[in-house]
Structures are given as structure tokens and as C-alpha cells.
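K.L.:
the sequence and its predicted three-dimensional model are supplied below.
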Amino acid sequence: MSEPDQTTTRSVLVTGGNRGIGRAIAEAFVANGDKVAVTTRSGGAPEGTLDIRCDITDAGQVEAAFAQIEEAHGPVEVLVANAGITADTLLLRMTDDDWTSVIDTNLTGSFRLAKRAAKGMLRLRRGRIVFISSVVGLLGSAGQVNYAASKAGLVGMARSIARELGSRSITANVVAPGFIETDMTGVLSDDQKAAIKAQVPLSRFGSVDDIAETVLWLTGPGAAYVTGAVIPVDGGLGMGH
């Protein structure tokens, strides 16, 4: 059994789904009729989802979260590893803690989630894993050495998982958003926004729905033969990378 019947609901996990991109992704899966669990550190998951408190840097909390999801929804069939943090500063000012905290959350946390989700997917002989990366992981960004490294690492991880688990009909892909209209970009000045838009061929920021629709496609029947891919959703900012 290589592909699920897409007329049935699936057990979906979205991490960091209480705001911004993660929330839009979770809401898109709910609208699609799936059973959706959302992990956050502070609560506030969208209506219609299973709201689970989980710090993905804590292995014990990750295990407890999966146990709760499996009891309520069954094994996770779709994992969207979206939770992430920043601790921006220039290289020479970056502390070991600035580096470690970002890597532990964005990269190691995603590894931990994928490893645990893969156990159930292997038994089902199917599954979809999507890592939310960033155009910064492909282009680099001054003041974001830690963040860029963590997001670039997701590409190597996804492609290795794709090779390891592909024979069991488990796909692993990466979505790399560009500048998206969220709380993070909302704090930028008008001059900063104008400078960014000048670099984007489409001359605008993206919306959270742009990312959600891409993830929905990657995890649906239309992308059954797509694995190990990096899908840029950045208005053309990172083309060629």
C-alpha cells in the first residue's frame, strides 16, 4: 500500500502552528479535512486542531507529544517541521548560546521529530515529511550565521531521509520561504521593506497562504513522485540556488 486514499482523513502534525506560517499550514490541513495536531510552547493552536504543548528541544516532550497524537489521531502520516527561532547578531558578536539555541531548535529539533515520525510511517509504509527552511539557508544573510546554517542543514537532512526511506513510500521535501508577511516582517521600517522588495522579482512579500498551499500540494497525491526537493516560495529572490 504505497499511497493513502486521499478521500480519507490523515493524521497530520504541524510544529510551531500557533502563528504565522505554521498557523496557516495547520488551518489549511483542517480545511482539507485532516486530523491535525499542533505543537507549541505557549499554546494558541488554531480551532479544530489538537493543541499540544511541546518544546522540540526536549526529547521527552517530543515522545510525549507523539504518544498523545497517536492516541487521539493514530500514527502521524504527515509531518510539517515548522517550529524555529532566531538569535540574530554578527558573527564576531555571536555567542555559543546564540549558536546552540538556534541549531538545537531549528535543526536538531527537526531531526528529532522526523526520527520519531518515521517509526509510524515505516509501519504504515507511507508518509510525507516537509521541513520549513528559508531562502536564507540558500543565499546566506549577514547577521544570521546560526539561522542560515540551521536552515541549510534541513536540505541535507531531507535528501538523506529521502534516500533512506523512499523505498517505503515516504517522501521528504523542503519548502524555502522568502520574505513573507508575518509578525516578523511587520516590525520592519518602510525603508527596509522597500529595499527588500527591490530585490524580489515579483516586487512584493509573499503571504502565509502561499506557503500553506505549497505544503498542501507537497503532501497530497499530486506530489507522490516528488522527494528530496527544495521548493522555493520566495517571489524569485533565490532563483538559481
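P.N.:
Perfect, I can see it now. Numbers count the residues shown, from 1 in each chain.
K.L.:
quick one: stretch 78-92 to chain centroid distance?
P.N.:
10 Å (Cα atoms, centre = their mean, to the nearest Å).
K.L.:
now do the buried residues in that stretch.
P.N.:
Buried residues in stretch 78-92, counted by 16 or more other Cβ atoms under 10 Å: 78, 79, 80, 81, 82, 83, 84, 85, 86, 87. In this view, the C-beta of every residue, glycine as well, is placed from N, C-alpha and C.
K.L.:
for the first one, grab phi and psi.
P.N.:
Per-residue torsions, residue 78: phi -130, psi 120 (degrees, to the nearest 10).
K.L.:
hmm, back to that, for the buried residues of stretch 78-92, could you give me CSV that also reports distance to residue 62 and pLDDT?
P.N.:
Supplementary listing: these in CSV, determined by distance: Cβ to Cβ, whole Å; pLDDT from 0 to 100:
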residue, distance to residue 62, pLDDT
78, 17, 98
79, 11, 98
80, 15, 98
81, 11, 98
82, 14, 97
83, 11, 94
84, 15, 93
85, 16, 93
86, 21, 93
87, 21, 94
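K.L.:
need the residues you listed in TSV (columns: distance to residue 192).
P.N.:
Formatted as TSV, these follow (distance: Cβ to Cβ, whole Å):
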residue	distance to residue 192
78	35
79	34
80	29
81	28
82	24
83	25
84	21
85	21
86	16
87	19
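K.L.:
show me those residues that map onto strands.
P.N.:
78, 79, 80, 81 (DSSP state E).
K.L.:
any low-confidence regions in the protein?
P.N.:
Flagging of the chain using pLDDT under 70 yields the residue ranges 1-7, 240-241.
K.L.:
and the strands in it, which stretches?
P.N.:
11-15, 35-40, 50-53, 78-81, 127-132, 170-177, 230-233.
K.L.:
gap between the residue nearest to residue 103 when sequence neighbours are not counted and residue 50?
P.N.:
Excluding the flanking residues, the one nearest residue 103 by Cβ to Cβ, 6 or more residues apart in numbering is residue 150, at 5.3 Å. Between residue 150 and residue 50 the distance, using Cβ to Cβ, to the nearest Å, works out to 27 Å.
K.L.:
between the two, tell me which one has more neighbours.
P.N.:
Ranked by neighbour count (other Cβ atoms under 10 Å), residue 150 and residue 50 place residue 150 first, with 27 against 19.
K.L.:
list the contacts of the more buried one.
P.N.:
84, 102, 103, 105, 106, 107, 137 (Cβ atoms under 8 Å, 6 or more residues apart in numbering).
K.L.:
can you check residue 148 too?
P.N.:
Taking Cβ under 8 Å, 6+ apart as the test, what residue 148 contacts is 134, 136, 137, 140, 141.
K.L.:
of these, which belong to helices?
P.N.:
136, 137 (DSSP state H).
K.L.:
quick one on the thing from earlier: adding distance to residue 23, write the strands of the chain out as TSV.
P.N.:
Below are those laid out as TSV (distance: least, Cβ to Cβ, whole Å):
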stretch	distance to residue 23
strand 11-15	9
strand 35-40	8
strand 50-53	12
strand 78-81	12
strand 127-132	12
strand 170-177	14
strand 230-233	16
